[in-house]
Every structure is written in structure tokens, then in C-alpha cells.
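Peer 1: Need coordinates for the following:
(4 chains)
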Protein chains: 2
Amino acid sequence: MRPSGRPRQADIARLAGVSQPTVSLILGGGAAAMGIAQETQRKVMEAAEQLGYVPDPIATRLAAGQNNLLGLYTFTSTFPNEISHAYYPFLVGIEEESAAQGYDLLMFIASSTTGERPHAQVLNRVRLADGCLFLGRHLPVREMDRLLATDLPVVYIGRHDEFGDRLAYIGADYVSAGAAVVRHLTGLGHERILYVREADEAITSVDREAGFRSGMEECGLAAEVVRTDGADLTPDRLRAWRDQGITAVVTEATDTDAAHRALLAAAERAELRFPDDLSLATFGDPRDRAAGLTGFAVPRREMGAAAVRLLTKLIAGDRTVPRHQLLTCELEPGETAAPPR
Amino acid sequence: MRPSGRPRQADIARLAGVSQPTVSLILGGGAAAMGIAQETQRKVMEAAEQLGYVPDPIATRLAAGQNNLLGLYTFTSTFPNEISHAYYPFLVGIEEESAAQGYDLLMFIASSTTGERPHAQVLNRVRLADGCLFLGRHLPVREMDRLLATDLPVVYIGRHDEFGDRLAYIGADYVSAGAAVVRHLTGLGHERILYVREADEAITSVDREAGFRSGMEECGLAAEVVRTDGADLTPDRLRAWRDQGITAVVTEATDTDAAHRALLAAAERAELRFPDDLSLATFGDPRDRAAGLTGFAVPRREMGAAAVRLLTKLIAGDRTVPRHQLLTCELEPGETAAPPR
DNA sequence: CTGTCGACCTAATGCGGATTAGGAAGAGGT
DNA sequence: ACCTCTTCCTAATCCGCATTAGGTCGACAG
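Peer 2: Residues are numbered from 1 along each chain as shown, chains lettered A, B, ... in the order given. As a prediction, this is how the structure comes out:
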């Protein structure tokens, strides 16, 4: 019994009265089929059409090593409902560009495996695809290390220097964007700006703080930074900052938006309004981004598309493409920042 | 030349002094390896460990005849940013349940093919997977017909009786839900309720109207229905309805939400407020669903999950599962409907 | 008439692992 | 010593496609 009811090349061959390799030549390589009679090609194509032939990606891959599938692996331990919103724009870009490049998407599901090392199995399955994109704030180092030891092309979405040149990535230029926002604020006349970040040491947070510091330094101002988990951000504390002379506060969007949310909540309870009583800027896109929020936007969609382009080039064997790219985040002047009073 | 530098079972076999099938037995099936001497197992395991063996998933799949891939094909171009919101909950359910069932998702991309019959090619590629889910308000009948002629298990998300029993589906019980909303309204005291639907003849719209009519009939009231494309829904018309004695208006959510939006816009311009001047209920989830909207919610996530369960059963060869299932939509009392004044 | 050269196609084989049929070797019974 | 079971492992194949090394046949030159 044939395991699959699908037609194979052998079926086409029988129907067209030729051999299986001939079918493979005709269907597979347009160029390689040069030396085959037009008539034969027509017969084979017709037979294939008639049977509704679709090459088996597994067999194709085993024999030749390519199947026009891009893997997409998302490291999300949390269940998707919430987090999804943040990832969605990436997916949009990825899907669009995959379509343009003629690839279909193979989504690997982290939560499908349980046990102490949930990613291990999936990282093996990943090799089904011609190459794989990775998405997620934190990534399991050991598994990724093993994967990088193979020759599977991989692109990570988000900056990640831990593996040096071995791991290609598409990131957002948080440092420049952060500095630009600071320049915008100082341009408005602010001189004491406080950066409120989360305790998390994710690379994005680190880069953003670096951007803040670099912007402040550039303007000859002292960088003031506090960390918060959200809970300790009380209305009193906010008022105290203001009384000390802070005129602008900068915060960051993360997967939880803890700092950003806490700040907004504290401001409301303290009856402080942006930008009347205090200026506010936010690095990145908080989930509930209000229309007029000052800050910068992460070009997620473009990042997704760029990642696909990079990956397809790697798959094609291009060794000259830059393996690390940082995309520019656009400054959003917004209305929550204004000259200090 | 060996394409990959990685060790294979044959290498282990050589090192351990056994045959490749023996290695396969020991490493592959814990149960099947019962009849193999402990000593041999130890040697093989050791050799595998020493060489750092990792099974090639591709070869595994080829030999096993199944690839644990579920296809997902979306008819509507998935990614104008807008549409995404409507489909996302389906995807969440699909992904969760796929994970639970041990499948990965293969997303086929409609826009990757151009030309007059964009779905034709993709519908062939779809057969790469062990089975496929389809999602979309309108589906190309001819292509689907061809696909159903094959033995590929297929599940459509959304009711669709055009193919009779040939096409399995998971739908939402719009008829019952619509009737329930009507009962809710009549329970509040409404007697003249107007259903404002779109001109579109999609099955969902048809079912919803049926639900409305059935609810009205059940309550012994006359069903009044108008169609709109949105543009002809003027403030004056709305006022006229009210003056004629209509106390409640029911509309529906679609991929464009044309009727729903137009109604809200007209009400605002007519300075009519819900539920003070008029009661409002909406069938389904408009994209900008406000918190207190009266109506019913489509259990999208559950539908996605149910579709995956159905599909995996079909793949497993289960011929007894019901091929058509309608899931219950929950009534949402909301606050845009109140007793008439 | 023979040799040569293309043009066109097929036989054979590999990819890496799963599966099935079956054989060799040793244990136990008579 | 002979036969029957077990126990444990291997030979042979298959999965579906790609690739390489020929092989056949007709045309055309010599």
C-alpha cells in the first residue's frame, strides 16, 4: 500500500510513457530540461497537471536539500493572546516578503513540546525548512548554539550579539532612536530628563538606555536613570521628581509595558497631565499606544521583511550580505512633550 | 560526498559493530527495542552519544510517511493590517491546538501567486501538509472542488454547505445566537426591531438574518429587514425609522463592518444615542467592538481549536467524527440595548 | 557502408532512517 | 542427537525525488 495517496513522479512517468528521472528533469530544472524534446515536456506537464502533482517537500529536501519553506520559530513561553499584538507586525512583514520571494511559511510551535528542555525537539524540526527566522525577546542559548553549529541558515529578529558573527540578525537601532528623542526633548528646552526603565536586562532595554545616555551626553546633560518594576512608581514619587526640577520623563515599551503603564497610572493619580505638568516620551510602541505619544516607533513590519530578505540570501549561498542590520526607528514628535513651564 | 557533515545511524552502527537497522530500532522505538540485548543497546547509545548524533527529521519523515504538518490557507489576502484583527483569534486557537496535537503549521500565502487564478497553484501546494485548514469568507468553488476530489483531509472554518458532506467544517451557530439576541431585545420590551444587514450574500450574513427572523417569529413579531451598503444609511433615514416606531436596531459585523460602521456614524450625526434614544445590538464582533456593545460574540478561538481537532481526527483516519460542527456563540447583554422609552 | 556526433532518454544510485522478512545461535525438551 | 522455540540481529526494501553515468537511435560526413 502506498502510504500517501498523492501522485508521485513515477505516476506521471507511467502516464506520460517516460521514466521517472525524465519527469524529475522536466518538472525540476527548467534549465536542465533544455535537452529534452518539446513534445516530451508537453506530455509530462500535461500528465502532471492532470494528476494534480505536487512535489513532496520532504523527499525533495532529502534528495536535494531545498523546499521553498521558511521556518518561523517564536520563543514565547507566554500564551499568545497578549503578546501576539506586539509580534503581529513582524508577521505581517514576514508574510508579505515571503510571498514576494516565493516561499511559504512553516511556523514552529514552541509550546508543542513539554519537558525540561522544551526547545530542543523543536529546534530539530526546524531543519525541515530551508532556513529559519527566530523571534523572541529571550532566546535559549544552548539550543541556539547547537543550531548554529549546523549549516542551517538562521536569522534572528532583534539584535543579539551573544553569538558574534555566527548569528545573523535584523535589529532596530534603539541607540540612535533614543538619542534622537532626547535631542527632540532638549530642543524643546528640557534640561533635566529622567529615564524610567524596567529592571529587565533584555538587550533592547540595554540599548535604549544607551541611546538615552548618548543623547544626554551629546547635549552636555547628566543622564538620570531609575529602574522600576512598576509597583514602586507612586504618585508621590512622581510629584517629588517634578518638585526636584525634572521636566521630562522618558520610559520604554516592553512586552509587559510595566514601566510605561505604571508611569501613566501614577501620573493620573497624581493629577499630573502631559505635557502641561510634565513632558513624556516613550521608546518603542506600548500596546495601547495613544495617537499623540512622543517617542519613536519600531519598524516591525520592515524588520520582518528585511529578515526574510536576509534569510533568502543566506539560503541562496550569498556570503557577502551583511549579517547584521539595524533599521532606523522613526522619531514621533507627538504631543506629550512640549517646552517645560 | 556526504551533504551534511553530521553523523548518521550508519556511522553509529559501524562504531558499535552492529547494523544500521539495529541502531534505528534502539534509538527510534523504545518499545520496539525490547527484543534487543542490553549490552547492544548500551554500546549503541554510547556510540551515538560519542558522535553527537541527532536524527535527521527529514529522513525520518520520508520513511515514516507523514510529516506532522497542518496546512493553513487563508483565502482573503491575509494582511491588509485591518483584516488581521478578525482572523487573529482563529490563529490563536489553531496554534494552541496544533501545539497540543503535536503538529506544526504550514501557512500558505495566497499573494505569492499572481495571475488570473491565484488560488490554483497554492491549492496544489496545500497538499504538502498532512491536512489543511481553510479560512475565509468567500471561497473559490472550482479550486476547492478539485481539492475535495483528492483524499487530502480538509476542514473549513466557517459554515459552508455548498459541498454537502464532502467539505468538513467548523462553524458558528449564528441562527441560534441571532434568535437569542432577539429574545433578549423582546425581553426588554422591544416590539419593532429592524435588522440592518449588508447586501453581501455570504453564508454568515444569510444565517444571521435567518436567526433574526427565527427569533422574531418565535416572539410573534414581524421581521423587518433592510439592506445597506453603508452609503445610503443617512442620519435622516435613521431618524425616520425611529419616528415610525422602531425602538431597536440590529446590525452585523463583517469583514468590512460596513453596515455597523455606517449605523454608528449616522446615529452620531443624527444625535441619537444608544440606548437612550434607540437600542442597538450587533451580531458578531465588529473590529472596534466597544466594551458594552449588545450582541453575541463569535467563539473564534474555540473554532480554530475545534477545527484542528477535527482535522487531526480526519488525518488519523477517523471516519466516524461528525464532519460538521456549529459552536455556540455567547450572548452579550451589553449596555447599548435597554427597555424602549 | 562505416564512423561520429548529437539529441534524447533511462538505469542505477544516493539521501537517512523505518520496517519487514527471515536467519543464525543458543536453550530446553525428549 | 534431533527438533522446537526463543532471542537477537541483519539483509533487503521502501519512502519520493535528484543526479550522474551511460546507452540508443538517427543524421550526416567520409
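Peer 1: How about the residues of chain A by DNA strand D?
Peer 2: Applying C-beta under 7 Å from any atom of the strand, we find that chain A lies next to DNA strand D at A:2-4, A:6, A:8-10, A:20-21, A:24-25, A:27-29, A:32, A:53, A:55-56, A:59-60, A:62-64. Yep, even glycine has a C-beta here, placed from its N, CA and C like the rest.
Peer 1: can you narrow the residues you listed to ones near DNA strand C?
Peer 2: For DNA strand C, the contacts drawn from these by C-beta under 7 Å from any atom of the strand are A:20, A:21, A:25, A:62, A:63.
Peer 1: List only buried entries from the residues of chain A next to DNA strand D.
Peer 2: Those of the residues of chain A next to DNA strand D that meet the buried threshold are A:6, A:8, A:9, A:24, A:25, A:27, A:28, A:53, A:55, A:56, A:60, A:62, by 16 or more other C-beta atoms under 10 Å in any protein chain shown.
Peer 1: ok so, going back, out of the ones next to DNA strand C among the residues of chain A next to DNA strand D, the closest to chain B would be?
Peer 2: Nearest to chain B out of these is residue A:62 (C-beta to the nearest C-beta; 5.1 Å).
Peer 1: The closest one: which element?
Peer 2: According to DSSP states H and E, residue A:62 maps onto helix A:57-64.
Peer 1: For that helix, which helices and strands make contact with it?
Peer 2: In terms of contacts (3 or more C-beta pairs under 8 Å, 6 or more residues apart in numbering or on different chains; DSSP states H and E), helix A:57-64 is packed against helix B:57-64.
Peer 1: and the angle from the helix it packs on to helix A:57-64?
Peer 2: 120 degrees (axes from the mean of the first three to the mean of the last three C-alpha atoms, to 10 degrees).
Peer 1: Only alpha carbons, please: show the following helix or strand past helix B:57-64 as PDB.
Peer 2: Remark: after helix B:57-64, the chain's next helix or strand is strand B:69-74, criterion DSSP H and E. Extracted in PDB, the C-alpha atoms of strand B:69-74 (Å, rounded to 0.1, in the frame of the first residue of the first chain):
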ATOM      1  CA  LEU B  69       2.300  19.400   9.300                       C
ATOM      2  CA  LEU B  70      -1.100  21.100   9.200                       C
ATOM      3  CA  GLY B  71      -1.600  23.500   6.300                       C
ATOM      4  CA  LEU B  72      -3.400  26.700   6.800                       C
ATOM      5  CA  TYR B  73      -4.700  28.500   3.800                       C
ATOM      6  CA  THR B  74      -6.400  31.900   4.000                       C
END
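Peer 1: and the angle for strand B:69-74 with strand A:69-74?
Peer 2: Going by the same axes, to 10 degrees, strand B:69-74 makes 90 degrees with strand A:69-74.
Peer 1: List the buried residues in strand B:69-74.
Peer 2: B:69, B:70, B:71, B:72, B:73, B:74.
Peer 1: Which positions in the following helix or strand past that strand come out as buried?
Peer 2: Going down the chain from strand B:69-74, the next helix or strand is helix B:81-101, by DSSP H and E. Judged by neighbour count (16+ other C-beta under 10 Å), helix B:81-101 contains these buried residues: B:83-84, B:86-99, B:101.
Peer 1: One more: stretch A:271-289?
Peer 2: By neighbour count on 16+ other C-beta under 10 Å, the buried set for stretch A:271-289 is A:272, A:274-275, A:278-286, A:289.
Peer 1: Which residue ranges of the stretch 101-250 of chain A form strands?
Peer 2: Per DSSP state E, counting those that start in this stretch, the stretch 101-250 of chain A carries strands over the ranges A:104-108, A:131-135, A:154-157, A:168-172, A:193-198, A:224-228, A:248-252.
Peer 1: export the ones you listed to TSV and tack on mean pLDDT?
Peer 2: Output for those, formatted as TSV (pLDDT from 0 to 100):
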stretch	mean pLDDT
strand A:104-108	87
strand A:131-135	92
strand A:154-157	95
strand A:168-172	96
strand A:193-198	94
strand A:224-228	93
strand A:248-252	95
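Peer 1: How about residue A:181, nearest residue that isn't a chain neighbour?
Peer 2: residue A:281 (5.2 Å; C-beta to C-beta, 6 or more residues apart in numbering or on different chains).
Peer 1: How far off centre is the helix or strand where residue A:21 lies?
Peer 2: Per DSSP H and E: residue A:21 is located in helix A:20-28. Here the centre of helix A:20-28 is set off from its chain's centre by 38 Å, with C-alpha atoms, centre = their mean, to the nearest Å.
Peer 1: dump the residue contacts of residue A:90.
Peer 2: Counting by C-beta atoms under 8 Å, 6 or more residues apart in numbering or on different chains, residue A:90 touches A:135, A:157, A:300, A:301, A:303, A:304.
Peer 1: do residue A:131 as well
Peer 2: So residue A:131 contacts A:70, A:71, A:152, A:153, A:154, A:155, A:311, A:312, A:314, A:315 (C-beta under 8 Å, 6+ apart).
Peer 1: Pull the number of nearby residues for residue A:5.
Peer 2: Neighbourhood size, residue A:5 [other C-beta atoms under 10 Å in any protein chain shown]: 10.
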